[in-house]
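**Q** Give me a model of this one.
(chains A, B, C, D, E and F)
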6 protein chains.
Amino acid sequence: MYELGVVYRNIERAHSETADGLAKFGSATVHEAMGRVGLLKPYMRPIYAGAQVSGTAVTVLLHPGDNWMMHVVAEQIRPGDIVVAACTAENTDGFFGDLLATSFKARGARALVIDAGCRDVKTLTEMGFPVWSRAISSKGTVKATLGSVNIPVVCAGALVHPGDVVVADDDGVVIVPRAMAKQTLEAAAAREANEGAKREKLASGVLGLDMYKMREPLEKAGLRYID
Amino acid sequence: MYELGVVYRNIERAHSETADGLAKFGSATVHEAMGRVGLLKPYMRPIYAGAQVSGTAVTVLLHPGDNWMMHVVAEQIRPGDIVVAACTAENTDGFFGDLLATSFKARGARALVIDAGCRDVKTLTEMGFPVWSRAISSKGTVKATLGSVNIPVVCAGALVHPGDVVVADDDGVVIVPRAMAKQTLEAAAAREANEGAKREKLASGVLGLDMYKMREPLEKAGLRYID
Amino acid sequence: MYELGVVYRNIERAHSETADGLAKFGSATVHEAMGRVGLLKPYMRPIYAGAQVSGTAVTVLLHPGDNWMMHVVAEQIRPGDIVVAACTAENTDGFFGDLLATSFKARGARALVIDAGCRDVKTLTEMGFPVWSRAISSKGTVKATLGSVNIPVVCAGALVHPGDVVVADDDGVVIVPRAMAKQTLEAAAAREANEGAKREKLASGVLGLDMYKMREPLEKAGLRYID
Amino acid sequence: MYELGVVYRNIERAHSETADGLAKFGSATVHEAMGRVGLLKPYMRPIYAGAQVSGTAVTVLLHPGDNWMMHVVAEQIRPGDIVVAACTAENTDGFFGDLLATSFKARGARALVIDAGCRDVKTLTEMGFPVWSRAISSKGTVKATLGSVNIPVVCAGALVHPGDVVVADDDGVVIVPRAMAKQTLEAAAAREANEGAKREKLASGVLGLDMYKMREPLEKAGLRYID
Amino acid sequence: MYELGVVYRNIERAHSETADGLAKFGSATVHEAMGRVGLLKPYMRPIYAGAQVSGTAVTVLLHPGDNWMMHVVAEQIRPGDIVVAACTAENTDGFFGDLLATSFKARGARALVIDAGCRDVKTLTEMGFPVWSRAISSKGTVKATLGSVNIPVVCAGALVHPGDVVVADDDGVVIVPRAMAKQTLEAAAAREANEGAKREKLASGVLGLDMYKMREPLEKAGLRYID
Amino acid sequence: MYELGVVYRNIERAHSETADGLAKFGSATVHEAMGRVGLLKPYMRPIYAGAQVSGTAVTVLLHPGDNWMMHVVAEQIRPGDIVVAACTAENTDGFFGDLLATSFKARGARALVIDAGCRDVKTLTEMGFPVWSRAISSKGTVKATLGSVNIPVVCAGALVHPGDVVVADDDGVVIVPRAMAKQTLEAAAAREANEGAKREKLASGVLGLDMYKMREPLEKAGLRYID
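**A** As a prediction, the model looks like this:
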């Protein structure tokens, strides 16, 4: 359950080598490597195309229309972190802009994932600070109500514990629980290893039907071809 | 009605010259040339800007969260085709990624139009394989349930028969029934022929009110000017 | 209340220097300078990234699926204006394309803000004519029903009077009432003046917590740090 | 493809006994009996709970914000019909109220299925005239633009031919193609015949796992029980 | 523009006889009588069916997730008023429950129209205190940020001035500007006067096509009948 | 993280007296008693009005369009349980109807909370088996893919562990973590104890402004009254 008004300062982060290593596989491969779980809802979109990152989660729970806790979480950021911001109700206000991005970046944050809105996207793009958000909005926020930092949160439908690994790219965002990060990295690498050969075969005109040996199970399932 | 578990191998495609010729007019002009019908809903968006294609439809009906039939449809693709994928329920999972795109491309497909999700969009963009979809999502799919290939489907609100012409660009996607392709091509060309002159007039400051002779009908309809 | 079937020809526009001067501050700063009000809903998105404009509003009220009044409003445009189009019901049809854009541009319009759909976005992008809309759609419209021009309208949740200032960029669209334009410009400039120093401090690692002196109010509100 | 501006007066309706007989099975059973197809999207909701009807479809294609064709379709209604109204764009205006309902009822219509809005729902409820719609809205419409009557339409994602059978209840709306009505009625009856025995077994505590013999396939699929 | 942090105590209300008299015509007839304008968006729904009210508007502007101003507006209610609550951002929290309803009722309020969420709907239904809202939600709110009372607001897409007349029923909510209330009442009465005769005719089988003399204009517009 | 293909048979349930005792306070009071957290999103709606229940959660994770695991979870139900069903992707299919309800009821389940669709709502209403769902849909499902039973799930934005307490009524659904059930019950009771006196005061015309002593903090926050 959500505890309100607390900041956990000491969190156990996933090993940085593992956390860093997951970026290159991308969100689709990583979520497959975990058994097809851990994704945030697809309404979470990057503010610009092409960013692909991974890092360790520091979490923050916000009140709608109030970004006070964004300043509190800034202090808890360590190099290599990605801030994951959840909100107690659906809200699209612009909780985050270029000033906070400057601060987050100075603290070593790699990205922000926020189930709410973001603004100053032109400047953020120029700064190369990637954000995945549910909306882009100029709407400013107040600073009046406490949330929490580094508690487990549900962000865009996914459970995120502080210290988990976040992997984000143009396809979306996936959360890898800290305890599974190493095995997921290995599984992703194994998965990727096969892809080159498959891609070559498919490019040469071999069909997935044959490469994956699907013809028999399709026939058993009752598929009929009609000329 | 939808027949499930069938693959029609022999479909009658619109004449390729006609199908190819429609691309350059774009979806807006083509749908106007047909009498302002045939469009997919505007939630269907290209995964990258600037692609403009036309081709003959091969259709596939999918089950939510299950992309088995995408491999079945691959075999039915001929050069110049565009795959049109419908789903029996609203679903945003990532049914299609770079491996399937490699296979589709090797078979000669020009694009995919899918009323569901797509992933690996960065790679698809690099490959230059355009997709129009309702969502972008890393979410993987299973291979367990039969749908059908080359049956008539309703895709994003539009009826599509196999062999119809698909025209897609940044504005959206339009379906031209096979039997109407030739006359639509002619009507689109005629429509386009007038546009240059109109554009020049408007650019010179002539008002649409005068160019289209709207002042009288507007007055008859009761329009009042107040100084 | 909406009057239908009328065109107001003489509207009082905000002073052009003020209207022009607001563009460079952007929608976020301007709406903050007004006290955090005046924004259109965040579903209003630019058809291409990077445009940042301001100008004086000429307004038009449309009927769903009917763009007749777009031709009527064209005549009322003066250089420096931005057309703000509202619709009597939610509608995503493509009311505006490259021909109308050519006409609007010839009349001196800087942009269109429309709570409905827009088409020919590739050409509009090439022309450099920016549009903020709720949708992109090829869907054509009829010319059959009267609306009004230069009456106060509610567009995407914001009240717009003809002559108000419109400021639009990648973050969204804000309306500055004519009578407040001057003081808003001053407030925006004052606001902006402080940002450089703040940004430098934050970039150097100073926390917002300290820069904004938030530690005491947070403690008073009951924030607890747990190690 | 949609033909605009036409009214087909002679349509072949499904046999009335079959059309009438499907009501009692409800939309869920009927769509299962057809192989799990034919449903309108679930955003189509009844304006009051408890109505359960079937009948033969007369179709009408509307323009957004324009209900002129509702008067045209009224003349084509025969006793036992259900009017199915599609719209060329998404629209929630109130195309239908108590006056049209009085007229439809006088012509023998049993219900309206409309992919748009409906109004006067209190009076319609008192009259016992059921409507399935995407919205309830007071918004009035104009009478200015032609659509068509008794052409095939796509309504809320389903293809409907004039003369097809419509079955609607609290769960939604399903379309049974005329040519399949008889066999669907038989399949629905067969399906229903088994349900009583199944319900009794389940009520007595027998599990679906055993009744449907699922334990073995679940085990084969890899299901593990953990104590 | 919105002024924040102010409460206007003296507002000019529409004449009570007029305000009271509009209820019986309902939102559809009243909005038609005004020329088909003034409606709130159709996402505003009553928490229970069958309520039909009118009254004078007292307005309140809320901050998302914060219901402090609901207590401030309570004091400004006079018998016969309807509270109209707008929010500076889209929000579905439960700003209003049985305690506030008890207070509003004690002050003489007839209803609440709120572009946000409402809770305790079972008790509100038992109390017979009608609410039109965008959502039903248990979510509680804080009391931390000022809004305003009795300023003009945009609520669910409609402009509302304090003192305007609000008419709400199962079809939706319409706002009648104070200055137009009397003429709207007369127009609604005139409109209603004709409806009885029309209804009788239609019930007897006369078609709208004939009653409204539509056959000729339809033919002129090009409608073709095909046997 | 989600484990797939597992069924946990032994879960620790909240104490039944506590679980049972929470129903009467309703979801709003219970979520306030927990500090304003634990709610499912407000799109979760009851299929009929008036039900108010609490019980211990048994959880199930479903694949879109596949209700196989609903039969697996049935066996794990004990009297006093409420089944909480999550889905790996957004889906509105009708996973649950009268047969499953008969089985669930026979096992002692009090309700179903499902982040997907439900059907046979007329029969479920007659049976008095309440369901909170995101949709009502006739759409049938397949039985092909494994999910899991009694793992922690995210359902409609809330984290649910097996054995937690579920409280649901017309306002929505709240989850009380097992470890907090007892203290939440006490806090809810304390909260409720005050409500009677408050309600009486408010009914007599006392304002919340005075009862909650808000005048001073409002003044401090800068609220101005204007006559």
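**Q** Residues of chain A that sit close to chain F?
**A** Applying Cβ under 8 Å from any Cβ of the partner chain, we find that chain A lies next to chain F at A:1-4, A:34-38, A:41, A:88, A:90, A:152, A:154, A:157-159, A:176-177, A:180. Where you see a C-beta, it was placed from the backbone N, CA and C, and this is true even at glycine.
**Q** Which among those count as buried?
**A** Neighbour counting by 16 or more other Cβ atoms under 10 Å in any protein chain shown classes A:1-2, A:4, A:34-38, A:41, A:88, A:90, A:152, A:154, A:157-159, A:176-177, A:180 among the residues of chain A next to chain F as buried.
**Q** How is residue A:83 assigned, secondary-structure-wise?
**A** strand (DSSP: H, G, I helix; E, B strand; the rest coil).
**Q** Could you measure from it over to residue A:39?
**A** As judged by Cβ to Cβ, to the nearest Å, residue A:83 and residue A:39 stand 18 Å apart.
**Q** so of the residues of chain A next to chain F, which ones are in strands?
**A** A:154, A:158, A:159, A:176 (DSSP state E).
**Q** Now render those as a markdown table, adding pLDDT and distance to residue F:147.
**A** Below are these laid out as a markdown table (pLDDT from 0 to 100; distance: Cβ to Cβ, whole Å):
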| residue | pLDDT | distance to residue F:147 |
| --- | --- | --- |
| A:154 | 97 | 19 |
| A:158 | 97 | 16 |
| A:159 | 96 | 16 |
| A:176 | 98 | 20 |
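**Q** which one of these sits closest to residue E:212?
**A** Comparing those against residue E:212 with Cβ to Cβ picks out residue A:154 as the nearest, at 55.4 Å.
**Q** wait, what's in contact with the closest one?
**A** Residues near residue A:154 by Cβ atoms under 8 Å, 6 or more residues apart in numbering or on different chains: A:86, A:160, F:154, F:157, F:158, F:159.
**Q** same thing but at 10 Å, please
**A** A:2, A:40, A:61, A:86, A:115, A:160, F:154, F:155, F:156, F:157, F:158, F:159 (Cβ atoms under 10 Å, 6 or more residues apart in numbering or on different chains).
**Q** hang on, isn't residue A:156 packed against residue A:42?
**A** Yes. Using Cβ atoms under 10 Å, residue A:156 is in contact with residue A:42, at 8.9 Å.
**Q** what's the overlap in contacts for those two?
**A** Listed as contacting both residue A:156 and residue A:42 by Cβ under 10 Å, 6+ apart are A:172, A:173.
**Q** so how far is chain F from the residue nearest to the spatial centre of chain A?
**A** Nearest to the geometric centre of chain A sits residue A:173, at 3.0 Å (Cα atoms, centre = their mean). Distance of residue A:173 to chain F, computed by Cβ to the nearest Cβ, to the nearest Å: 14 Å.
**Q** Same check on residue A:69?
**A** According to Cβ to the nearest Cβ, residue A:69 and chain F sit 15 Å apart.
**Q** same thing with residue A:107?
**A** 28 Å.
**Q** just residue A:147 next, same as before
**A** Look at residue A:147 and chain F: by Cβ to the nearest Cβ, they are 10 Å apart.
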